[in-house]
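Trainee: need the 3D shape of this:
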Amino acid sequence: MRTTTFKSILLAGALTLGAATLSACVTPVPFKLPLATGARDAITSTEVVAPIKQSEIYVYVTPVSTGGQGGLIGALVAAGIDAASTEAAQKAVQPARDSVVDYDFDARLKADLQTSLSGVSFLKVDGVRVTKDAFQPGLDKAVTGSKASAVLITVADYQFSTDASSLSVTLSADLFANSAALAPFKPAATANAKIVAYGGNSIYRNTFSYQHILPAPTTNRDANIRMWAADNGKAIRDALDAGSAAVAGKLATDIQRAPPPVAPAK
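Mentor: Prediction:
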């Protein structure tokens with residue numbers, strides 16, 4: 001078992017280095033990309049796909065940083081510490097999970113996205129679909145298999161902070177062209193012909209977040225978890241409801257913003 005784990009870590013390290021080398025050869029994908037004004041008129045329908053890979057809330061574990069020191073041995077030590085921290089966090093969060101076992105975040109977000117985005121007239125939203133498949137092949141298929149002229153992929157995540165003093169909801173949105181009319185608006189510099197639902201192919205993208213802090217958090221994670229779990233997890237339910245509505249609303253507002261004016265050529 002130890003030998004297998006060691007090989008897995010080495011393989012992960014090799015893949016990470018390989019990915020870093022490849023990423024250095026391509027144009028960086030912008031964190032935020034406004035939707036071109038002309039693209040709005042070309043949209044005839046939009047399917048919203050909401051991948052939510054998780055089924056339960058979790059505790060974010062801050063990765064150990066070696067500061068580039070220690071080489072492979074340092075990386076292995078850090079990986080071991082991260083694994084132990086993750087296991088401890090999984091155990092600590094269980095009371096919170098048990099208190100909201102009947103809570104359906106997927107349905108909550110689906111309803112909020114439908115309500116918020118239906119108010120954006122030019123999107124012409126043709127339904128919201130939640131999926132547990134957040135892997136690249138599934139995301140690619142969500143675009144190519146859609147009959148809508150545009151596909152808005154909104155990847156959601158919700159978590160406790162490392163000490164469980166706060167709860168956050170994050171939504172990353174990418175709008176992909178899926179019609180000939182929208183093709184001219186696809187970015188050329190960051191395009192990737194092999195990966196359909198690649199961020200560099202989107203005609204609009206941004207990330208939105210919401211954070212709710214406990215009224216009187218302590219420095220003890222277990223104590224904070226108990227406060228979240230109290231009263232059948234009411235604090236968790238309220239925070240997730242508010243977070244879902246907030247990120248969906250922010251997306252609807254942001255996608256309607258006009259892009260900044262283009263600077264005249266010198």
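Trainee: just give the nearest non-adjacent residue to S209, would you?
Mentor: Excluding the flanking residues, the one nearest S209 by Cβ to Cβ, 6 or more residues apart in numbering is T170, at 4.7 Å. For every residue, glycine as well, the C-beta is placed using N, CA and C.
Trainee: does that neighbour lie in a helix or a strand, and which?
Mentor: Using DSSP states H and E, T170 falls within strand 166-177.
Trainee: isn't the residue nearest to S209 up against Y158?
Mentor: Yes. Using Cβ atoms under 8 Å, T170 is in contact with Y158, at 7.5 Å.
Trainee: so for the two, which sits in the more crowded spot?
Mentor: Taking neighbours as other Cβ atoms under 10 Å, T170 and Y158 compare with Y158 leading, 23 against 16.
Trainee: beta partners for the more buried one?
Mentor: Residues in a beta bridge with Y158, per DSSP bridges, are V169.
Trainee: isn't it right up against S209?
Mentor: No. With contact defined as Cβ under 8 Å, Y158 does not reach S209; the gap is 10.3 Å.
Trainee: quick one on the thing from earlier: how close does the residue nearest to S209 sit to I225?
Mentor: Counting by Cβ to Cβ, to the nearest Å, the separation of T170 from I225 is 20 Å.
Trainee: just to revisit the earlier point, shared neighbours of Y158 and S209, anything?
Mentor: Common neighbours of Y158 and S209, counting by Cβ atoms under 8 Å, 6 or more residues apart in numbering, are S168, V169, T170.
Trainee: the first one: what's it in contact with?
Mentor: This means S168. Listed by Cβ under 8 Å, 6+ apart, the contact set of S168 reads Y158, Q159, S161, S209, Y210, Q211, H212, G243.
Trainee: could those residues go into JSON lines alongside secondary structure and distance to S55?
Mentor: JSON lines is the format used below for these (DSSP: H, G, I helix; E, B strand; the rest coil; distance: Cβ to Cβ, whole Å):
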{"residue": "Y158", "secondary structure": "strand", "distance to S55": "11"}
{"residue": "Q159", "secondary structure": "strand", "distance to S55": "13"}
{"residue": "S161", "secondary structure": "coil", "distance to S55": "20"}
{"residue": "S209", "secondary structure": "strand", "distance to S55": "21"}
{"residue": "Y210", "secondary structure": "strand", "distance to S55": "20"}
{"residue": "Q211", "secondary structure": "strand", "distance to S55": "22"}
{"residue": "H212", "secondary structure": "strand", "distance to S55": "20"}
{"residue": "G243", "secondary structure": "helix", "distance to S55": "17"}
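Trainee: now those in CSV, with distance to R257?
Mentor: Below are the contacts of S168 laid out as CSV (distance: Cβ to Cβ, whole Å):
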residue, distance to R257
Y158, 25
Q159, 28
S161, 29
S209, 17
Y210, 19
Q211, 22
H212, 25
G243, 22
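Trainee: top of those by number of neighbours, please.
Mentor: G243 (26 neighbours).
Trainee: understood, closing this out.
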